[in-house]
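Colleague: what shape does this take:
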Amino acid sequence: MKFGAPGQKERERLNAEWVMPFVERKIEDLRALPVPEGQQKKIEEILQSMEDGIRVSKAHPEWLAAPTQAHPEPFTKTLELTAAYGIWECGQA
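Modeller: Okay, the predicted model is just below:
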C-alpha cells in the first residue's frame with residue numbers, strides 16, 4: 001500500500017475521474033437555475049470560465065494537477081469571478 005501525497009500522474013487521474021465530472025455536473029446544475037434579472041452577463045461569464053477551465057484541464061491535465069506560474073490552475077478566472085460576485089463556494093468546484 002502506498003502512502004503520502006499522490007504523484008503527478010495520480011493527481012491527473014483523480015482529476016479526470018472525479019473533479020472534471022463534478023465540475024461538469026455543477027455547470028449543468030447552475031445553468032438550470034433561474035438567473036436574477038440584470039445578472040445574466042455576470043452569471044454567463046462565470047459559467048463560461050468554468051467551461052473554459054474544463055476545456056483547458058482536459059487538454060492539459062498536468063496544469064490542473066500541478067499548476068505553475070507559466071501555466072496557472074485552469075479555474076483561476078472562475079475563482080476570481082465567483083469571489084467578486086459573492087458566490088466563492090461555487091468557484092471551489
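
Colleague: how close does Ser49 get to Leu64?
Modeller: For Ser49, the distance to Leu64 equals 14 Å [CB to CB, to the nearest Å]. C-beta coordinates here come from the backbone N, C-alpha and C atoms, glycine included.

Colleague: any idea how far Pro34 is from the closest residue to Ile87 other than its chain neighbours?
Modeller: Excluding the flanking residues, the one nearest Ile87 by CB to CB, 6 or more residues apart in numbering is Ile46, at 7.8 Å. According to CB to CB, Ile46 stands 15 Å off from Pro34.

Colleague: neighbour count winner among those two?
Modeller: Using other CB atoms under 10 Å, the more surrounded residue of Ile46 and Pro34 is Ile46, with 23 against 5.

Colleague: re earlier: neighbour-wise, which of Ser49 and Leu64 wins?
Modeller: Counted by other CB under 10 Å, Ser49 and Leu64 do not tie: Leu64 has more neighbours, with 23 against 20.

Colleague: list the contacts for the more buried one?
Modeller: Leu64 makes contact with 11-12, 15, 19, 56-57, 73-75, according to CB atoms under 8 Å, 6 or more residues apart in numbering.
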